[in-house]
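In: sequence and predicted structure, then a few things I'm wondering about:
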Amino acid sequence: VAGLGNYGLRGTRHNVGMAVLDRLARQLAVAEGWRVDRQCCADVAMATARGLELVLVKPRRFMNLNGLSVASAAEIYSLRPEDIYLVHDDLDKALGKVAIKLGGSARGHNGVRSCISALHSNEMTRLRVGIGRP
């Protein structure tokens with residue numbers, strides 16, 4: 001599960017992907033388990049939920065380069081694009097509304113575009129979190 005955003009810019013709507021991962025890590029009781037993984041240039045935490053092993057990834061790059069971190073993590077942890085969930089902001093959804101999208105285009109989102117390019121696939125599932133157009 002990769003939370004897309006601009007590392008270090010906490011509290012902005014554009015970084016909602018990383019905020020969701022922070023919340024998920026707290027709910028799965030692994031919030032203290034974040035570590036810097038220099039191989040994939042990301043903060044990584046391992047978790048288990050309903051019998052599934054999860055790799056939580058927060059890229060330490062700007063949004064338009066998030067895909068490099070996600071692709072590196074996929075290689076390190078032997079994940080296929082269809083195993084990956086991207087959590088990202090969506091300007092076209094009302095604030096707080098969420099939708100799941102299976103594959104498809106980036107729809108203008110630079111972080112998703114970067115992931116599609118780096119993984120050579122658009123098969124990732126996306127959790128789109130509405131931020132509206134403030």
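Out: Everything's here; your move. Keep in mind that what you see is a predicted model, and the values were worked out from it rather than measured.
In: ok, which stretches of this structure are strands?
Out: 2-3, 35-37, 42-49, 52-59, 85-90, 98-102, 125-130 (DSSP state E).
In: I'd assumed residue 63 was in contact with residue 114.
Out: Yes: counting by C-beta atoms under 8 Å, residue 63 is a contact partner of residue 114 at 7.4 Å. Placement of C-beta: from N, CA and C, glycine included.
In: show me where the chain dips below the pLDDT cut-off.
Out: Counting by pLDDT under 70, the chain has no low-confidence residues at all.
In: what residues of stretch 44-58 count as buried?
Out: Neighbour-count burial for stretch 44-58 flags 44-45, 47, 54-58 (criterion: 16 or more other C-beta atoms under 10 Å).
In: residues contacting stretch 12-19, please?
Out: 2-7, 9-10, 58, 63, 86-89, 95, 111, 129, 131-132, 134 (C-beta atoms under 8 Å, 6 or more residues apart in numbering).
In: now with 6 Å?
Out: Contact with stretch 12-19 is made by 3-5, 9, 58, 87-89, 129, 131, as judged by C-beta atoms under 6 Å, 6 or more residues apart in numbering.
In: how far away is the closest residue to residue 105 other than its chain neighbours from residue 31?
Out: Distances taken as C-beta to C-beta, 6 or more residues apart in numbering place residue 122 nearest to residue 105, at 6.7 Å, with adjacent residues excluded. Per C-beta to C-beta, to the nearest Å, residue 122 is found 31 Å from residue 31.
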